[in-house]
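Enquirer: need a 3D model of the sequence below.
(one chain, ligands or ions: 1)
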Amino acid sequence: MPTREPIILFYSRSGHSQQLAVALGAALQTPPVRLGARFYGLPALGWLLAGLDGGRGAEPRLREPLPDIEPDALVILIGPVWADGPAAPLNTVAALLRPRGNPVAAILTAAGPDSPDKALTALQARLGRGLVLADSVPNPLEGTPGYGARVADLAGRLRSLMVLPPEREVAS
Ligand SMILES: Cc1cc2nc3c(=O)[nH]c(=O)nc-3n(C[C@H](O)[C@H](O)[C@H](O)COP(=O)(O)O)c2cc1C
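Expert: Sure, this is the predicted structure:
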């Protein structure tokens with residue numbers, strides 16, 4: 001069965017999204033690719049800048065260009081919620097992916113248990129097309145049996161998105 005290659009791109013300031021990216025990478029057998037951006041990692045100022053840039057929907061420059069992405073690859077974008085929006089580096093990636101045709105799945109990590117619908121909707125608007133999967137994992141799930149089950153569920157849904165439709169036979 002023909003399948004799309006998955007590519008996991010993640011941004012993580014304090015490790016929660018990295019943990020999720022690594023777990024999904026192991027499940028899908030693909031090493032996740034970390035995205036870097038300046039300043040947000042600074043101890044106190046970084047938190048402030050993150051909140052400001054999350055709230056205003058900034059598109060900060062990434063430290064590295066995006067890796068090569070196959071035209072039909074499934075892009076899996078993982079990162080935190082900042083001030084009800086997507087973490088600002090995710091905006092940059094969504095804008096870079098906008099002119100490409102790749103299907104994009106987004107999974108956000110968040111401190112609170114409520115689904116970060118606003119952030120997912122904003123990310124989708126930045127991408128300019130529908131996300132093929134839009135979901136979130138709350139931090140309180142970490143370290144509980146529910147975390148593994150959640151990862152397994154997400155991996156299963158992502159795997160089904162990797163299956164390409166069979167090529168139509170051309171009538172002779
Ligand atoms: C500046 C800032 C703003 C945040 N705003 C929110 C928020 O609006 N809602 C929420 O649920 N969590 C919020 N969080 C918490 C993070 O989304 C959450 O801890 C996330 O898992 C962090 O991911 P990371 O460890 O990969 O950076 C915020 C965190 C930061 C640093």
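Enquirer: residue 129 in helix, strand or coil?
Expert: Three-state call for residue 129 (DSSP: H, G, I helix; E, B strand; the rest coil): coil.
Enquirer: pull up the residues of this structure that are close to the ligand.
Expert: With C-beta under 6 Å from any ligand atom as the criterion, the chain meets the ligand at residues 12-18, 47, 50-51, 54, 80-84, 109-112, 139. All C-beta atoms are positioned from the backbone trio N, CA, C, and that covers glycine.
Enquirer: which of those fall in helices?
Expert: The helices, defined by DSSP state H, take in 16, 17, 18, 47, 50, 51, 54 from the residues of the chain next to the ligand.
Enquirer: could you dump the residues you listed into JSON lines with neighbour count added?
Expert: Shown next, in JSON lines, are these (neighbours: other C-beta atoms under 10 Å):
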{"residue": "16", "neighbour count": "20"}
{"residue": "17", "neighbour count": "27"}
{"residue": "18", "neighbour count": "18"}
{"residue": "47", "neighbour count": "15"}
{"residue": "50", "neighbour count": "25"}
{"residue": "51", "neighbour count": "15"}
{"residue": "54", "neighbour count": "23"}
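Enquirer: tell me which two in those are the farthest apart.
Expert: Spanning the widest gap among those are 18 and 51, at 19.8 Å by C-beta to C-beta.
Enquirer: how about residue 85: what's its closest non-neighbour residue?
Expert: Spatial nearest neighbour of residue 85, excluding adjacent residues (C-beta to C-beta, 6 or more residues apart in numbering): residue 54 at 4.5 Å.
Enquirer: starting at the chain centroid, how far to stretch 33-43?
Expert: Computed by C-alpha atoms, centre = their mean, to the nearest Å, the chain-centroid distance of stretch 33-43 equals 15 Å.
Enquirer: buried stuff in that stretch?
Expert: 35, 37, 40 (16 or more other C-beta atoms under 10 Å).
Enquirer: gap between the two ends of that stretch?
Expert: End-to-end span of stretch 33-43 (C-alpha to C-alpha, to the nearest Å): 23 Å.
Enquirer: tell me the SS of the closest residue to residue 49 other than its chain neighbours?
Expert: Distance criterion C-beta to C-beta, 6+ apart; nearest residue to residue 49, sequence neighbours excluded, is residue 39 at 5.4 Å. With three-state DSSP as the basis, residue 39 sits in coil.
Enquirer: next one: residue 9
Expert: What three-state DSSP gives for residue 9 is strand.
Enquirer: could you identify the longest strand within this structure?
Expert: Counting residues, the longest strand found in the chain (DSSP state E) is strand 74-82.
Enquirer: which parts of this structure are strands?
Expert: Ranges of strands in the chain, per DSSP E, are 6-10, 33-34, 74-82, 85-86, 104-110, 133-138.
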